[in-house]
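**Q** need a 3D model of the following:
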Amino acid sequence: MNTVRVYRLQPTQKLFVCLKAAQMEAAKVWNLCCEAHKQARMDHAKWPGRNELQKATKGQFALHSQSVQMVVHAFLANIDTTRQLRQTHPKMQMKYPWREKQFYPVKWPAQAVSRENGRVVLPMGKGRKSLVLPIDLPENSGACSLVWNNGFELHACVETPQEKEAPGDVHATVDLGEIHLAAVSTNTGQAMIVTGRGIRSLKRQRTKQLGKIAKKQSRCTKYSKRWKKIQRAKNKIKARAERRIRDMRHKATRKVITFCQEQKVGSLFIGNPHGVRNKDCGRHHNQRMALWEYGKDIDYLTHKSKQAHIMSFTGSERGTSSQCPACGHKHKPKNRNWACKACGFTGHRDIVGSANMHKLAFNEHVMFPRSVTYLRPGLSRRSSRADAPLASSDACCLSQSPDQPLLLEQVPTGTGHTGEVAQKLIPF
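**A** Predicted coordinates:
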């Protein structure tokens with residue numbers, strides 16, 4: 001099984017020019033393929049295939065031959081996907097590639113990448129100097145891609161071990177949310193919540209900072225020295241926020257899969273909250289919904305569950321958060337506590353949605369969990385406070401780190417199906 005590692009590049013001015021030129025050459029390959037395909041459509045002729053496009057692009061660009069072929073393969077994959085979407089979703093009015101590109105990611109297959117003394121050598125073709133990057137790739141690395149993401153990045157494909165068999169045969173469902181990133185429940189009565197407030201606060205911080213910078217930039221002449229200086233500051237803030245958010249998302253989804261492995265889960269259903277952005281709820285809430293990247297959460301959970309040999313699938317979760325798991329009464333909940341007006345049931349709102357998903361995904365009714373484990377993704381960076389002794393007021397702010405996990409003891413409280421839990425720290 002393969003995964004992708006991202007290496008942030010800090011190139012010199014000379015290397016920066018070379019990397020930029022490489023991506024411009026890859027864009028020329030894409031534009032040639034796009035023009036050939038467009039001409040075939042206009043002439044009602046046979047569309048060019050892999051052999052035709054590879055012959056048309058052979059020996060014309062300052063790139064490695066296999067890098068040119070990978071651009072051609074990516075273009076044909078885009079054509080196939082567009083054709084399928086036009087057939088299955090005619091109302092979407094999907095267009096075939098037509099826009100002329102100025103830059104495009106450069107890709108090298110595994111057999112073209114060389115590792116030498118703590119650096120990676122990326123060939124640019126016969127008679128041309130190779131790109132040498134000071135990166136120590138692992139031995140099990142493979143194909144590489146040169147990507148621009150507010151700065152150049154090298155995406156390396158790394159082979160990771162995969163579990164040989166499933167942890168068990170327990171069923172679990174995941175309810176994704178904007179406040180709580182994931183709420184997991186099993187058919188054995190176990191439940192866990194991973195909060196997403198850290199990611200939410202990082203996005204809010206990024207939005208406020210970019211708003212202040214945009215206000216300053218609006219008073220500058222476009223492409224002036226001061227405008228470019230402010231633009232570099234904007235790109236720096238966006239890149240840093242994206243790295244921190246990605247780090248916390250990886251930590252949060254890893255906690256979900258670790259919980260599933262501990263509970264011997266063999267099948268995992270991930271609810272897809274599509275359609276949540278269709279309703280207009282004011283500009284503040286609309287902004288939060290627009291920044292909610294639940295598609296990435298689904299991708300991360302799917303990839304990590306595959307690595308753990310857990311069968312995962314996704315589907316609609318419509319109506320699961322508005323139905324009582326005890327009596328089936330429906331009403332729109334408020335706040336984070338779900339209170340049924342018919343039978344008096346109370347429980348966490350997200351766990352209610354996750355528990356009701358068992359009926360949709362596995363056609364089974366589960367009892368509402370009596371206790372819930374509440375976790376945080378962890379610190380996005382190492383801070384000086386992490387090594388300081390905890391005060392009594394800081395005990396509730398302690399987060400779980402991957403190297404030294406926080407141990408929690410679940411103490412169920414209340415009677416019936418209240419779903420409340422008190423947690424206390426256990427000494428290491």
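
**Q** could you give the mean pLDDT of stretch 218-229?
**A** Across stretch 218-229, the average pLDDT comes to 96.

**Q** tell me which residues are up against it.
**A** 217, 230 (Cβ atoms under 8 Å, 6 or more residues apart in numbering). All C-beta spots, glycine's among them, are computed from the backbone N, C-alpha and C.

**Q** endpoint to endpoint, it covers what distance?
**A** End-to-end distance of stretch 218-229 (Cα to Cα, to the nearest Å): 13 Å.

**Q** now do stretch 61-69
**A** 11 Å.

**Q** can you pull out the helices in this structure?
**A** Applying DSSP state H to the chain gives helices spanning 13-42, 50-57, 65-88, 197-217, 225-262, 283-291, 294-307, 349-361.

**Q** which of those helices has the lowest average pLDDT?
**A** helix 283-291 (a mean of 89).

**Q** ok now it, how far from the chain's centre?
**A** Offset of helix 283-291 from its chain centre (Cα atoms, centre = their mean, to the nearest Å): 19 Å.

**Q** CA-only coordinates of it in CSV, if you can.
**A** The C-alpha trace of helix 283-291 is given here as CSV (Å, rounded to 0.1, in the frame of the first residue of the first chain):
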residue,chain,number,x,y,z
ARG,A,283,-23.1,34.7,6.1
HIS,A,284,-21.3,33.7,9.3
HIS,A,285,-22.6,30.1,9.2
ASN,A,286,-22.3,29.9,5.5
GLN,A,287,-18.6,30.8,5.8
ARG,A,288,-18.1,28.0,8.3
MET,A,289,-19.9,25.5,6.0
ALA,A,290,-17.8,26.7,3.0
LEU,A,291,-14.6,26.1,5.0
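
**Q** okay, the angle between it and helix 197-217?
**A** For helix 283-291 against helix 197-217, the angle between stretch directions is 110 degrees (axes from the mean of the first three to the mean of the last three Cα atoms, to 10 degrees).

**Q** what does helix 283-291 contact?
**A** 178, 200, 203, 207, 276-277, 280-281.

**Q** also stretch 60-79?
**A** Applying Cβ under 8 Å, 6+ apart, the contact partners of stretch 60-79 are 21-22, 25-26, 28-30, 32-34, 37, 47, 49-50, 53-54, 57-58, 96-97, 104, 106-109, 111-112, 122-125, 128.

**Q** on that earlier part again, highest average neighbour count across the helices of the chain?
**A** helix 349-361 (a mean of 24; mean count of other Cβ atoms under 10 Å).

**Q** surely Cys324 meets Gly347?
**A** No: between Cys324 and Gly347 there is no contact under Cβ atoms under 8 Å: 9.2 Å.

**Q** neighbour-wise, which of those two wins?
**A** For Cys324 versus Gly347, the count of surrounding residues by other Cβ atoms under 10 Å is larger for Gly347: 25 against 22.

**Q** dig out what that one forms beta bridges with.
**A** Trp338 (DSSP bridges).

**Q** please name the nearest non-neighbouring residue to Met1.
**A** Among residues not flanking Met1 along the chain, Gln162 sits closest, at 4.3 Å (Cβ to Cβ, 6 or more residues apart in numbering).

**Q** and that neighbour, what does it touch?
**A** Contacts for Gln162 (Cβ under 8 Å, 6+ apart) come out as 1, 306-307, 309.

**Q** need these in JSON lines (columns: distance to Val68).
**A** As requested, these are exported to JSON lines (distance: Cβ to Cβ, whole Å):
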{"residue": "Met1", "distance to Val68": "28"}
{"residue": "Lys306", "distance to Val68": "31"}
{"residue": "Gln307", "distance to Val68": "32"}
{"residue": "His309", "distance to Val68": "37"}
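
**Q** which residue is nearest the middle of this structure?
**A** In the chain, the residue lying closest to the centroid (Cα atoms, centre = their mean) is Lys296, at 3.0 Å.

**Q** state the distance from the nearest residue in space to that residue that is not next to it in sequence to Asn286.
**A** Among residues not flanking Lys296 along the chain, Arg249 sits closest, at 6.4 Å (Cβ to Cβ, 6+ apart). Distance, Arg249 to Asn286, by Cβ to Cβ, to the nearest Å: 22 Å.

**Q** distance to Thr314 added to the helices of the chain, as a markdown table?
**A** Formatted as a markdown table, those follow (distance: least, Cβ to Cβ, whole Å):
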| stretch | distance to Thr314 |
| --- | --- |
| helix 13-42 | 31 |
| helix 50-57 | 32 |
| helix 65-88 | 17 |
| helix 197-217 | 20 |
| helix 225-262 | 14 |
| helix 283-291 | 19 |
| helix 294-307 | 6 |
| helix 349-361 | 9 |
